[in-house]
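# just a sequence and a predicted model for now, questions to come.
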Amino acid sequence: MNVSVVGSGYVGTTVAACLADLGHEVTAIDIDTDIVDTVNAGETPIHEPGLAELVEAHAGDRLRATTDHAALRETDITFLALQTPAREDGSIDLGALEAGTRDVGEALDEKEDYHLVVVKSTVIPGTIEERLEPLLEEVAGKTAGEGFDVAVNPEFQSQGSAVADFMDPDKLVFGTNADADDASGQRGGETASNGTASPFPSQQAGDDALERLRELYEPLVAANDGVPIVETGRREAMMVKYANNVFLAGKISLINELGNLCKEFGVDSYEVSEAIGLDERISGKFLRSGVGWGGSCFPKDTDALRAAGREAGYTPELLDSVVAVNDGQPRRMLDLLERHIDIEGRRIAVLGLAFKPGTDDIRGSRATLVIEELLEGGANVAAYDPVAAAAMAGKFPDVEYADSAADALRDAHGALVVTDWDEFAALDGAFDAMDEQVVVDGRRIVEPREGMTYEGLTW
């Protein structure tokens with residue numbers, strides 16, 4: 001199929017490259033000429049394992065980039081993969097998404113054939129019906145359901161494993177206007193009415209949106225036999241995305257609360273989490289207590305759902321507590337450090353700046369809060385991250401950014417491990433260069449050694 005993807009950030013670039021790898025002809029559309037030039041040169045504008053290889057392999061062939069939204073007229077499906085950042089009150093800012101939607105509408109104004117617009121961006125239920133669809137109708141001069149349709153296909157790609165998550169998904173969610181009550185939650189491999197093997201549930205007659213989504217993902221479903229396919233309404237699909245992230249955020253905050261209690265009781269929280277993770281109702285994933293969750297999705301989506309709930313007249317007390325526990329974890333790291341040293345005027349190493357390993361993204365990074373607290377306390381901060389230092393330097397230009405973890409540790413009076421990059425597990429002798437070997441490990445990756453004052457955050 002011919003596909004266009006509006007927005008070439010972490011989600012859009014991954015979606016475009018992966019769809020090209022599945023055999024589709026893909027046009028990436030972005031207003032940033034530097035990003036467009038980078039993609040057309042066979043390079044990726046972001047750090048994501050496996051993505052550079054896909055862009056290099058398909059750029060100039062099945063993958064091209066442009067700043068011209070008119071290019072989407074030559075495609076069958078347009079994905080909107082634009083950011084919906086949080087405002088100060090937690091609600092989402094639709095500015096970029098609405099601007100992109102307007103650009104799409106202007107291009108569709110001159111297209112005669114039916115077109116499917118698919119929202120990948122994370123938006124509160126009701127946004128399509130109340131904001132995006134009317135905007136498309138106004139600008140394109142077409143009626144939804146006739147000249148075009150708007151569907152929802154949320155992404156479940158974790159940064160650091162986005163390519164693998166796309167190519168081997170836990171589930172696919174298609175949100176359309178179809179009556180999908182009988183199809184919701186079906187798995188691939190159902191037999192079609194003609195007796196041939198079909199990877200999809202039976203199709204509602206005349207549902208062009210659902211038909212195109214099924215056709216688009218057929219190569220992916222064929223390669224992942226049995227992947228769950230959820231065909232549902234658009235509002236339900238949007239809520240699935242929020243519920244997914246908020247549930248995981250809550251799970252992390254709960255294990256961190258338990259970890260904090262374990263530390264006070266002198267209990268190894270990781271042994272506890274391993275044991276409770278054996279219960280299939282709980283499972284072991286996301287049960288590693290530590291400095292908390294960050295990134296672009298968990299904080300934004302949790303805040304957006306809280307804000308939307310309040311606007312609707314409901315106070316989400318449990319979600320408020322989930323955020324409160326998470327926000328308190330970086331401060332606990334500083335409290336543990338200050339049990340052993342006075343940070344004022346001292347060199348403190350911060351190891352790990354990205355919000356998680358495998359990415360250069362610092363949005364929502366716990367390191368931001370840690371550095372802020374250190375600077376307020378008068379510390380001299382030496383920071384290191386293998387890929388995210390340049391991004392953090394934009395926030396804290398006066399911090400020293402070391403070329404290696406060993407350089408950051410040299411002559412330091414304390415060290416805070418914020419991101420669990422594998423290389424930090426192998427430092428060992430590098431700690432000998434510290435003035436005082438006081439290490440607060442927020443991710444349980446450093447092995448305590450003789451001569452080190454080691455504090456686990458929650459164990």
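Nice, thanks for sending it over.

# what about the closest residue to G284 other than its chain neighbours, how many neighbours?
The shortest distance from G284 to any residue that is not its chain neighbour, by CB to CB, 6 or more residues apart in numbering, is 2.9 Å, and that residue is G277. All C-beta atoms are positioned from the backbone trio N, CA, C, and that covers glycine. By the measure other CB atoms under 10 Å, the count of residues near G277 is 16.

# hmm, G277 is touching S283, no?
Yes - in this structure, G277 sits in contact with S283. The criterion is CB atoms under 8 Å, and the distance is 6.0 Å.

# centre of the chain to stretch 102-113, how far?
In this view, stretch 102-113 has its centroid 30 Å away from the chain centroid, taken as CA atoms, centre = their mean, to the nearest Å.

# buried stuff in that stretch?
Neighbour-count burial for stretch 102-113, counted by 16 or more other CB atoms under 10 Å, picks out 102-105, 107-108, 111.

# include secondary structure, pLDDT and distance to R73 when you put those residues into a markdown table, please.
What follows is the buried residues of stretch 102-113, written out as a markdown table (DSSP: H, G, I helix; E, B strand; the rest coil; pLDDT from 0 to 100; distance: CB to CB, whole Å):
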| residue | secondary structure | pLDDT | distance to R73 |
| --- | --- | --- | --- |
| R102 | helix | 98 | 16 |
| D103 | helix | 98 | 12 |
| V104 | helix | 98 | 10 |
| G105 | helix | 97 | 12 |
| A107 | helix | 97 | 6 |
| L108 | helix | 97 | 7 |
| K111 | coil | 95 | 5 |
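
# ranges for the strands of this protein?
2-6, 25-29, 63-66, 77-80, 115-119, 148-152, 172-176, 229-233, 347-351, 380-384, 400-401, 414-417, 438-441, 453-456 (DSSP state E).

# from I255, how far off is R281?
15 Å (CB to CB, to the nearest Å).

# more crowded one of these two?
Comparing R281 with I255 by neighbour count (other CB under 10 Å), the higher total belongs to I255, at 25 against 5.

# ok, the more buried one - contacts?
When the contact criterion is CB atoms under 8 Å, 6 or more residues apart in numbering, the partners of I255 are 269, 273, 286-289.

# quick one: which two of the residues you listed are the most distant?
Greatest spatial distance in the contacts of I255: S269 and F286, 13.7 Å, computed using CB to CB.

# so these two - more neighbours on which side?
Set side by side, S269 and F286 show unequal neighbour counts under other CB under 10 Å, the larger going to S269 at 25 against 17.

# help me confirm that that one comes into contact with S289.
Yes - taking contacts as CB under 8 Å, S269 lies within contact range of S289: 5.0 Å.

# give me the contact list for stretch 263-283.
Stretch 263-283 is contacted by residues 255, 258-259, 262, 284-285, 287-289, 444, 456-459 when judged by CB under 8 Å, 6+ apart.

# care to break the chain down by domain?
The record's domain parsing of the chain by automatic domain parsing lists 2-170, 237-459.

# compare the ones you listed and give me the one nearest N224.
When those are ranked by distance to N224, counting by CB to CB, first place goes to domain 2-170 at 5.9 Å.

# now do the end-to-end distance for the closest one.
With CA to CA, to the nearest Å as the measure, the first residue of domain 2-170 is 25 Å from its last.

# same check, this time on stretch 217-237
From the first residue to the last, stretch 217-237 extends over 17 Å; the measure is CA to CA.

# next one: stretch 81-101
With CA to CA as the measure, the ends of stretch 81-101 fall 10 Å from one another.

# okay, buried residues for it please.
Within stretch 81-101, the residues scored as buried using 16+ other CB under 10 Å are 81-84, 86, 90-92, 94, 96-98, 100-101.

# show me the contacts for F355.
Each residue near F355 by CB under 8 Å, 6+ apart is listed here: 159, 294-295, 361-367, 419.

# nearest to E400 among those?
A367 (14.1 Å).

# V381 is in contact with the closest one, correct?
No - taking CB under 8 Å as the definition, A367 is not a contact partner of V381, at 10.0 Å.

# now do the shared contacts for these two.
V350.

# looking at the two, which is more packed in?
Per other CB under 10 Å, whichever of A367 and V381 has more neighbours is A367, with 27 against 23.

# L416 versus the more buried one, what's the distance?
Distance, A367 to L416, using CB to CB: 8 Å.

# which intervals of this structure have sub-threshold pLDDT?
Across the chain, residues meeting the criterion (pLDDT under 70) sit at 179-206.

# what about L261, how many neighbours?
Residues contacting L261 under the criterion other CB under 10 Å number 13.

# cool, the one 5 residues further on as well?
The local packing count at G266 equals 7, with neighbours defined by other CB under 10 Å.

# again with R310
When neighbours are defined as other CB under 10 Å, R310 has 15 of them.

# circling back to that earlier point, please tabulate the domains of the chain in JSON lines, including the columns distance to L216.
Converted to JSON lines, the domains of the chain look like this (distance: least, CB to CB, whole Å):
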{"stretch": "domain 2-170", "distance to L216": "6"}
{"stretch": "domain 237-459", "distance to L216": "15"}
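
# how about these, which one is nearest E211?
Taking the domains of the chain one by one with CB to CB, domain 2-170 is closest: 9.2 Å.

# what residues does the closest residue to I92 other than its chain neighbours make contact with?
In space, not counting the residues next to it along the chain, I92 is nearest to T84; the distance is 4.4 Å by CB to CB, 6+ apart. Contact partners of T84, counting by CB under 8 Å, 6+ apart, are 92-94, 96-97, 121-123, 300, 304.

# in these, find the pair that's most separated.
Greatest spacing in these, by CB to CB: A96 and A304 (14.8 Å).

# closest one to A349 out of the contacts of stretch 263-283, please.
Of all the contacts of stretch 263-283, L457 has the smallest distance to A349: 15.9 Å, by CB to CB.
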